[in-house]
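Chemist: Generate a structure from the sequence data that follows.
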Amino acid sequence: MPLYLNEEQTMLRDAAQQFVSESAPVSHMRGLRDANDATGFSRDLWKQFAEMGFTGILIPESDGGLGLGHVEAGVVLEEIGRNLSPSPFLTTAVAAVSALKGSSHAERWFPGILAGETVAALAIDERAKHGDAIGMKAERSGNGFKLTGTKQFVAHGHVADLLIVAARTAGSPEDEAGVTLFAVPKDAANMTADPQRLADASLAARMTFDGVEVDADAVIGQVDDGRTVLNALLGAGRTGAAAEMLGVGGGAMDMTVQYLKERKQFGVLIGSFQALQHRAAHLYSELEVARAAMLKAQQLLDAGDAKADAAVSVAKAMAGMASTLAVQEGVQMHGGIGMTDEYDIGFYMKRGRVLAELFGDTNYHADALARAAGY
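Modeler: Numbers count the residues shown, from 1 in each chain. Next up is the predicted model:
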């Protein structure tokens, strides 16, 4: 498979680039932050995403969507990252759709996602860092289940219409089996959300489930075998986060290169200094290598290839390293002014840091690859 976009994907990229840069540039994110917006994103903008057809990229044509793949979703996410555009696209139109696809829940939730009216949140993590352990309990209660426990870093959890919750129906927290996924609506009783500002000014909630009762129809997939659906959700989310990180890194690099072409020191453009040229060239190379890894992971996911999981971990790890290099070099080459709030480069560093932790950081995925190889 070629590691570049075809003609149709290039046209989608051009459309996404124009739409996101005009409708949700960095100033849009800055405005929400300065207004201390309690939602964390613009619902009007989310509806505009739907009008562009973006929310239906991964939804099958039989359900009213476009029936495209992770490559196309990544095209949109890269532009979201490049412009630091706050939106529930990654959690809702990518990760949640991947979990609900083919299930009985698609009929209920896909129309709202297609219309830009429904927002989904992912209640997966329970610790300070992303991990595989799931200890939250789901106990049999009548014809359904009772959910008890807490979740952390649930992006959009305080305003989501749907929460996809991973809970344990058998075994201990470290066990692979015994996990079940549930679709929990926002109006479920005994569920509370405590939203917190993250480093990039986005909002993620600490969720408490104090005996939340759901019926058996809330189960996504099979009881005790939720890892299958959870892995599909995480694969989509990790690859999508890698794409958004590459957008963040690319946006930071573009801003930095432009600064090198404009900033003078002692009457000389600093972009003419060979040392800075070498650093910029190195950064470009690292981003392109990470982009190739990302495209490979997207293509394998779309093909349902057995090697997709390893490729996803490679993509997430490499995108994390490349985007971190991009934002660090960006701040350094901007000099002292790069640390000020007036310049946008610092916002790229903050967003990159949050995305690096989402769905597992570079160390998590390097460890996963090592374990899979027998180390």
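Chemist: Look up how far Leu114 lies from Ala199.
Modeler: Going from Ala199 to Leu114 by C-beta to C-beta, to the nearest Å gives 32 Å. Heads up, the C-betas are built off the backbone N, CA and C, glycines and all.
Chemist: the more surrounded of the two?
Modeler: More neighbours surround Leu114 than the other of Ala199 and Leu114, with 20 against 12 (other C-beta atoms under 10 Å).
Chemist: Just to check, that one is in contact with Gly65?
Modeler: Yes. Taking contacts as C-beta atoms under 8 Å, Leu114 lies within contact range of Gly65: 6.4 Å.
Chemist: Give me the common contacts of the two.
Modeler: Here Leu114 and Gly65 have 56, 59 as joint contacts, going by C-beta atoms under 8 Å, 6 or more residues apart in numbering.
Chemist: hmm, which helix or strand of the chain has the shakiest average pLDDT?
Modeler: When each helix and strand of the chain is scored by mean pLDDT, DSSP states H and E, strand 264-265 comes last, with a mean of 88.
Chemist: next SSE after that strand?
Modeler: strand 268-269 (DSSP states H and E).
Chemist: Quick check: mean pLDDT of that next one?
Modeler: Averaging pLDDT along strand 268-269 gives 92.
Chemist: Which strands or helices does the host helix or strand of Ser98 pack on?
Modeler: Ser98 belongs to helix 97-100 when assigned by DSSP H and E. Contact here means 3 or more C-beta pairs under 8 Å, 6 or more residues apart in numbering; DSSP states H and E; on that basis helix 97-100 packs against helix 106-114, helix 227-262.
Chemist: residues of the last one that come out buried?
Modeler: When burial is assessed from 16 or more other C-beta atoms under 10 Å, helix 227-262 yields the following buried residues: 227, 229-230, 232-253, 255-257, 259-260.
Chemist: could you list every residue that touches the residue nearest in space to the middle of the chain?
Modeler: Against the mean C-alpha coordinate of the chain, by C-alpha atoms, centre = their mean, the closest residue is Ala241 at 3.8 Å. By C-beta under 8 Å, 6+ apart, the contact set of Ala241 is 90, 316, 319, 355, 358-359.
Chemist: This structure - how does it break down into domains?
Modeler: Structural domains assigned to the chain are 7-118, 122-224, 228-372, following automatic domain parsing.
Chemist: quick one: which of the ones you listed is nearest Met1?
Modeler: Closest approach to Met1 among these is made by domain 228-372 (4.8 Å; C-beta to C-beta).
Chemist: so who does Val179 touch?
Modeler: Listed by C-beta under 8 Å, 6+ apart, the contact set of Val179 reads 134, 166-169, 224-227, 230.
Chemist: Could you pull out the strands in the protein for me?
Modeler: Counting by DSSP state E, the chain has strands at residues 120-123, 137-141, 144-155, 162-168, 179-185, 191-197, 203-215, 219-220, 264-265, 268-269.
Chemist: Mind checking those for the one nearest to Phe54?
Modeler: Phe54 lies closest, by C-beta to C-beta, to one member of the strands of the chain: strand 120-123, at 14.9 Å.
Chemist: What does the residue nearest to Ala121 when sequence neighbours are not counted show for phi and psi?
Modeler: Leaving out its chain neighbours, the residue that sits closest to Ala121 by C-beta to C-beta, 6 or more residues apart in numbering is Ala160, at 3.6 Å. With angles defined as degrees, to the nearest 10, Ala160 sits at phi -70, psi 140.
Chemist: doesn't Ile113 make contact with Ala160?
Modeler: No. Between Ala160 and Ile113 there is no contact under C-beta under 8 Å: 11.7 Å.
Chemist: who's more crowded, these two?
Modeler: Taking other C-beta under 10 Å, Ala160 and Ile113 do not tie; Ile113 has more neighbours (29 against 26).
Chemist: hmm, back to that, pLDDT value on the residue nearest to the centre of the chain, please?
Modeler: Reported pLDDT for Ala241: 98.
Chemist: do His365 as well
Modeler: pLDDT recorded at His365 is 97.
Chemist: now swap in Val354 and tell me
Modeler: Confidence score, pLDDT, at Val354: 97.
Chemist: That one: what's it in contact with?
Modeler: 198-200, 202.
Chemist: Looking at the residues you listed, which one is closest to Asp37?
Modeler: Among the contacts of Val354, and counting by C-beta to C-beta, the member closest to Asp37 is Ser202, at 10.2 Å.
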